[in-house]
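In: Provided below are the primary sequence and the corresponding predicted coordinates.
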Amino acid sequence: MENTPLLKEIRQIYDDYLTVTASLAAERKSADGLLGMGKGPGCDSSHDHFVERIEQTFASLTASSLSSKKVLKLLQFMYNAPLAHQNNMLAYWMLLAVHALTEKFIPLLSPEDAAILFAQYTGAYPKYVRLPAQKKIVAQLQAQTGSSKSR
């Protein structure tokens, strides 16, 4: 996989976040957040910090600096992350949620790259498990391919 500076930065953000969530899970006490008392690891600020770091990284990008292949590699990494970390329930849902932040990159994909990603995404996230963010990604990828087939 091509390791562009953008992909390296995003990987670092993900690695940092996964390290923190693993640490939070390891340090969790059995009564944390029980019956709404106290704060559990799900309320930790690291979740918000993760999203903020991705948003800041994306905000610093210009469309002209991204080729379709670079966008494809970035999106493949981000879309595969929840699948690779299903056992980390503190991170899993946030890894899914940040898919919504990738919408602005889909128009930068060539129809061929969009078709590759569409096939991978619909295979990884079947209809019955898609949340609203995933449904929107599927629709955008499909539109970018130029195809009207539904999956």
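Out: Received it, and whenever you're ready, just let me know what you need.

In: for the closest residue to Asn88 other than its chain neighbours, give me its contacts.
Out: Distances taken as Cβ to Cβ, 6 or more residues apart in numbering place Thr21 nearest to Asn88, at 5.7 Å, with adjacent residues excluded. C-beta: built from backbone N, CA, C; applies to glycine. When contacts are counted by Cβ atoms under 8 Å, 6 or more residues apart in numbering, Thr21 touches 41, 46, 88, 90-91.

In: quick check: which element contains Thr21?
Out: Taking DSSP states H and E as the criterion, Thr21 maps to helix 5-27.

In: need the mean per-residue confidence for the very next helix or strand once past that helix.
Out: Elements were assigned by DSSP H and E; along the chain past helix 5-27, the next helix or strand is helix 46-59. When pLDDT is averaged along helix 46-59, the result is 91.

In: I figured Phe118 was touching Leu141, is that so?
Out: Yes. With contact defined as Cβ atoms under 8 Å, Phe118 reaches Leu141; the gap is 4.1 Å.

In: sorry, back to before: which of the contacts of Thr21 has the weakest pLDDT?
Out: Pro41 (48).

In: and for the residue lying closest to Arg11 once chain neighbours are set aside, the neighbour number?
Out: Closest residue to Arg11 apart from its sequence neighbours, by Cβ to Cβ, 6+ apart: Phe77 at 6.9 Å. Using other Cβ atoms under 10 Å, Phe77 has 15 other residues around it.

In: ok, and Phe77, which helix or strand is that part of?
Out: helix 68-84.

In: so for that helix, what's the average pLDDT?
Out: Rounded mean pLDDT across helix 68-84 is 96.
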